[in-house]
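**Q** Sequence and predicted model, in that order:
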2 protein chains.
Amino acid sequence: MRKFGEIEGISRGQIFANRAELAKVGIHPPTQAGISGSSKEGADSIVLSGGYEDDRDYGDRILYTGAGGRDENTGRQIADQQLTRTNLALAKSKLDQLPVRVTRSHKHKSEFSPKEGYCYAGLYMVEDYWREKGISGHYIWHYSLVSCERLESKEQTGIRDNSPDYKETERKAVVVNRIIRDSTKAKRVKEWHRYQCQVCGLALETSAGLYAEAAHIQPLGMPHNGPDDESNILCLCPNHHILFDNGGFTINEDLSLNGIDGDLVTTKKHKINLNFVAYHQAHNQKID
Amino acid sequence: MRKFGEIEGISRGQIFANRAELAKVGIHPPTQAGISGSSKEGADSIVLSGGYEDDRDYGDRILYTGAGGRDENTGRQIADQQLTRTNLALAKSKLDQLPVRVTRSHKHKSEFSPKEGYCYAGLYMVEDYWREKGISGHYIWHYSLVSCERLESKEQTGIRDNSPDYKETERKAVVVNRIIRDSTKAKRVKEWHRYQCQVCGLALETSAGLYAEAAHIQPLGMPHNGPDDESNILCLCPNHHILFDNGGFTINEDLSLNGIDGDLVTTKKHKINLNFVAYHQAHNQKID
């Protein structure tokens, strides 16, 4: 199974002599490709090797170019890139907010690159991706990556409506939010339901694959203290997630719905704890 | 028009002799009610006066009890509270992420209360609200309020999947995120469309009123630099917002949709700039 996140025993700033060593410790399994990943699972790691003219490296923020479209002899961009294979994998990492390990080669031109070998730079999140015409005039796929270290940093943000960098602020919040929410358990529940909403059956089709949200039945944190457990998680589309969290509907003991028609869709693997359902209903039911 | 947010010339910690003074400067317009607001517009201000036994004050976090259900002579809770009027107003403030001014009376029992008069404590966000049985045994509506000062603070958070207080982290992100997004311009666009999605016509009905999201067509911030202007904002349901941001569909020049059937719903008041639509399409269209 593809390993996302930090590799035990490896720390940021660690230097590796070559790609074989990087692969051996599990930082970046493939020995040639710049992107490690599959379109189904997402991308777990990238290596910056100086091969793409449209790459930009600002340290804690990187504009990374997708793979493909280059002449294999000259390395020049001679064709459009496609949103398939490992490029699609990076898009999937954005959608599911999966952290991507980043390593810089000495061949990658930036002030953050090591003098020799390969330097592991830690985890980054794919904030956004889009298509644009690159320097060559051919279409490339561009990925905006931001360091998780930066997200963790003290650089906390105020509440500013129209300041020029407010999107920045917003992005951080969105990213941190989703990383946290998208725990392994949440992902498992979504997979059990094939990303189909347990209320309406809809699975949103994005260009990076199916999308659903994990909704906690008894809320986490004070004063509710619901557990982060599969039995307390529903797989919902964003619309039904908002409605569930804001009194739009509740779930009865027999898993029929209250406030909208129908029943909650269930699967054998996914056991829902009715105590959490009762808690949600007691705290959300409209009285009048 | 109801005034949300800070009142010019008034700062946190400022003391007022009585309710009449508070009303005069505009911090808390009503001279008797604890909650200032309407169910349509949301609540703009509350005063903590020590009247409700289920209130809890932790300074930057307050558990606030809705209005009603008390005996007017003894002040004892003798009936269930309803999610109507000013209680509904506070729920609406949660849904639209409107900041609420908080003032503590000397009669409110807490270490944060002034010795005499009324102390303005700044802006708080309604993070959540729910129904529960209060100390009296009657149902009350409880509101969890968190200080915007706390949200603005340096207390930035890391990326922790299962730590006990991670919901806390998530909440802050959600709150900051929504405050920022829900600018005046975004709200105006939603109102023009009566909170109906410009793709599917759906307006989500929550217990606190209608819900929709403001989606920027040409994204804000680097490297896209789209403007925060009504002509660059769409009113979408959460599902179509996710799809729009993740290549699920684009909009053609004639405002027909690409990727799903139909046309974008428009109104006379809301002029959409086609340059932004073209930018979105160029950066999102699937090639294959």
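**A** Yep, it's here.

**Q** Next, find the distance separating residue A:120 from residue A:92.
**A** Distance of residue A:120 to residue A:92, computed by CB to CB, to the nearest Å: 22 Å. All C-beta spots, glycine's among them, are computed from the backbone N, C-alpha and C.

**Q** Quick check: residue A:262 touching residue A:256?
**A** Yes. At 7.5 Å, residue A:262 counts as touching residue A:256 under the criterion of CB atoms under 8 Å.

**Q** Can you tell me which residue is spatially central in chain A?
**A** With distances taken as CA atoms, centre = their mean, residue A:97 lies nearest the centre of chain A, 1.2 Å away.

**Q** tell me the pLDDT at that one?
**A** On the pLDDT scale, residue A:97 is placed at 83.

**Q** Pretty sure it sits in a helix.
**A** No. Counting by DSSP: H, G, I helix; E, B strand; the rest coil, one finds residue A:97 to be coil, located in no helix.

**Q** Once you drop chain neighbours, what's closest to residue A:26?
**A** The shortest distance from residue A:26 to any non-neighbouring residue, by CB to CB, 6 or more residues apart in numbering or on different chains, is to residue A:7 (4.9 Å).

**Q** Now do the contacts for the one you found.
**A** By CB atoms under 8 Å, 6 or more residues apart in numbering or on different chains, the contact list for residue A:7 reads A:25-27, A:101.

**Q** Of those residues, which belong to helices?
**A** Taking DSSP state H, the ones among the contacts of residue A:7 that sit in helices are residue A:25.

**Q** can I get the contacts of residue A:7 in a markdown table with neighbour count, pLDDT and distance to residue B:205?
**A** As requested, the contacts of residue A:7 are exported to a markdown table (neighbours: other CB atoms under 10 Å in any protein chain shown; pLDDT from 0 to 100; distance: CB to CB, whole Å):
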| residue | neighbour count | pLDDT | distance to residue B:205 |
| --- | --- | --- | --- |
| A:25 | 15 | 97 | 53 |
| A:26 | 15 | 96 | 49 |
| A:27 | 24 | 97 | 49 |
| A:101 | 26 | 96 | 44 |
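
**Q** which one of the contacts of residue A:7 sits closest to residue A:140?
**A** Nearest to residue A:140 among the contacts of residue A:7, counting by CB to CB, is residue A:101 at 22.1 Å.

**Q** residue contacts, that closest one?
**A** Neighbouring residues of residue A:101 by CB under 8 Å, 6+ apart: A:5-7, A:27-28, A:44-46, A:120, A:122-124.

**Q** Report the buried members of those residues.
**A** Taking 16 or more other CB atoms under 10 Å in any protein chain shown as the criterion, what is buried in the contacts of residue A:101 is A:6-7, A:27-28, A:44-46, A:120, A:122-124.

**Q** quick revisit: next up, identify which helix or strand the residue nearest to residue A:26 is on.
**A** Here residue A:7 sits in a region with no helix or strand, counting by DSSP states H and E.

**Q** quick one: residue A:212 and residue A:234 touch, right?
**A** No. Contact criterion CB under 8 Å: residue A:212 and residue A:234 do not qualify, at 9.6 Å.

**Q** Any buried residues in the top strand by length along chain A, and which?
**A** Under DSSP state E, the strand in chain A containing the largest number of residues is strand A:118-133. Judged by neighbour count (16+ other CB under 10 Å), strand A:118-133 contains these buried residues: A:118-131.

**Q** tell me which of the residues you listed is nearest to chain B?
**A** Within the buried residues of strand A:118-133, the smallest distance to chain B is 3.9 Å, found for residue A:130 (CB to the nearest CB).

**Q** ok now do the closest residue to that closest one other than its chain neighbours, which residues does it touch?
**A** Spatial nearest neighbour of residue A:130, excluding adjacent residues (CB to CB, 6+ apart): residue B:283 at 3.9 Å. Going by CB under 8 Å, 6+ apart, residue B:283 touches A:130-132, B:224.

**Q** Please report the distance of residue B:283 from residue A:129.
**A** With CB to CB as the criterion, residue B:283 and residue A:129 are 9 Å apart.

**Q** before we move on, back to that, please identify which of the contacts of residue A:101 is nearest to residue A:72.
**A** Closest to residue A:72 out of the contacts of residue A:101 is residue A:46 (19.7 Å), distances taken as CB to CB.

**Q** would you say residue A:239 is within a helix?
**A** Yes. Assigned with three-state DSSP, residue A:239 falls within a helix.

**Q** how many neighbours does it have?
**A** Using other CB atoms under 10 Å in any protein chain shown, residue A:239 has 26 neighbouring residues.

**Q** Equivalent analysis for residue A:36, please.
**A** Neighbour tally, residue A:36, other CB under 10 Å: 22.

**Q** same question, the one 3 residues further on
**A** Other residues lying near residue A:39 total 18 when counted by other CB under 10 Å.

**Q** Isn't it up against residue A:95?
**A** No. Counting by CB under 8 Å, residue A:39 does not reach residue A:95; the two are 11.0 Å apart.

**Q** Between those two, which contacts overlap?
**A** Counting by CB under 8 Å, 6+ apart, the common neighbours of residue A:39 and residue A:95 are residue A:209.

**Q** just the angle between the helix or strand hosting residue A:89 and strand A:118-133, please?
**A** For residue A:89, the host element (DSSP H and E) is helix A:85-95. Relative orientation of helix A:85-95 and strand A:118-133, computed by axes from the mean of the first three to the mean of the last three CA atoms, to 10 degrees: 90 degrees.

**Q** Which other helices and strands does helix A:85-95 contact?
**A** Counting contacts by 3 or more CB pairs under 8 Å, 6 or more residues apart in numbering or on different chains; DSSP states H and E, helix A:85-95 packs against strand A:35-38, strand A:42-48, strand A:118-133, strand A:139-147, strand A:209-211.

**Q** Would you give the sheet partners of the longest one, along with the direction of each?
**A** Strands adjacent to strand A:118-133 in the sheet, as given by DSSP bridges, are strand A:15-16 (antiparallel), strand A:100-105 (antiparallel), strand A:139-147 (antiparallel).

**Q** any idea of the angle the second one forms with strand A:42-48?
**A** The reference is to strand A:100-105. If you take the same axes, to 10 degrees, strand A:100-105 sits at 20 degrees to strand A:42-48.

**Q** Please report how far the residue nearest to the centre of chain A lies from residue A:237.
**A** Distance of residue A:97 to residue A:237, computed by CB to CB: 17 Å.

**Q** The stretch 151-288 of chain A: strands as residue ranges?
**A** Remark: strands assigned in the stretch 151-288 of chain A by DSSP state E, counting those that start in this stretch are A:204-206, A:209-211, A:213-216, A:233-236, A:250-251, A:257-258.

**Q** Which residues does stretch A:120-129 contact?
**A** A:5-6, A:10-16, A:22, A:27, A:43, A:62, A:90-91, A:93-94, A:97-104, A:112, A:141-149, A:151, A:171, A:175, A:179, B:219.

**Q** Narrow these to just the buried residues.
**A** A:6, A:14, A:16, A:22, A:27, A:43, A:62, A:90-91, A:93-94, A:97-104, A:141-149, A:151, A:171, A:175, A:179, B:219.

**Q** wait, which of the strands paired with strand A:118-133 is closest to residue A:193?
**A** Of all the strands paired with strand A:118-133, strand A:100-105 sits nearest to residue A:193, with 25.7 Å by CB to CB.

**Q** Just checking: what are the partner strands of the helix or strand encompassing residue A:64?
**A** Using DSSP H and E, residue A:64 sits in strand A:61-65. Using DSSP bridges, strand A:61-65 pairs in its sheet with strand A:56-57 (antiparallel), strand A:139-147 (antiparallel).

**Q** I'd like to know the average pLDDT value across the first one.
**A** Per-region confidence: strand A:56-57 scores 94 on mean pLDDT.

**Q** how far does that strand sit from the chain's center?
**A** 21 Å (CA atoms, centre = their mean, to the nearest Å).

**Q** what do you get for the longest one?
**A** On the basis of CA atoms, centre = their mean, strand A:139-147 is displaced by 14 Å from the centre of the chain it belongs to.

**Q** Mind putting the helices and strands packed on helix A:85-95 into JSON lines with mean pLDDT?
**A** Converted to JSON lines, the helices and strands packed on helix A:85-95 look like this (pLDDT from 0 to 100):
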{"stretch": "strand A:35-38", "mean pLDDT": "96"}
{"stretch": "strand A:42-48", "mean pLDDT": "96"}
{"stretch": "strand A:118-133", "mean pLDDT": "93"}
{"stretch": "strand A:139-147", "mean pLDDT": "94"}
{"stretch": "strand A:209-211", "mean pLDDT": "94"}
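
**Q** Brilliant, that's me finished.
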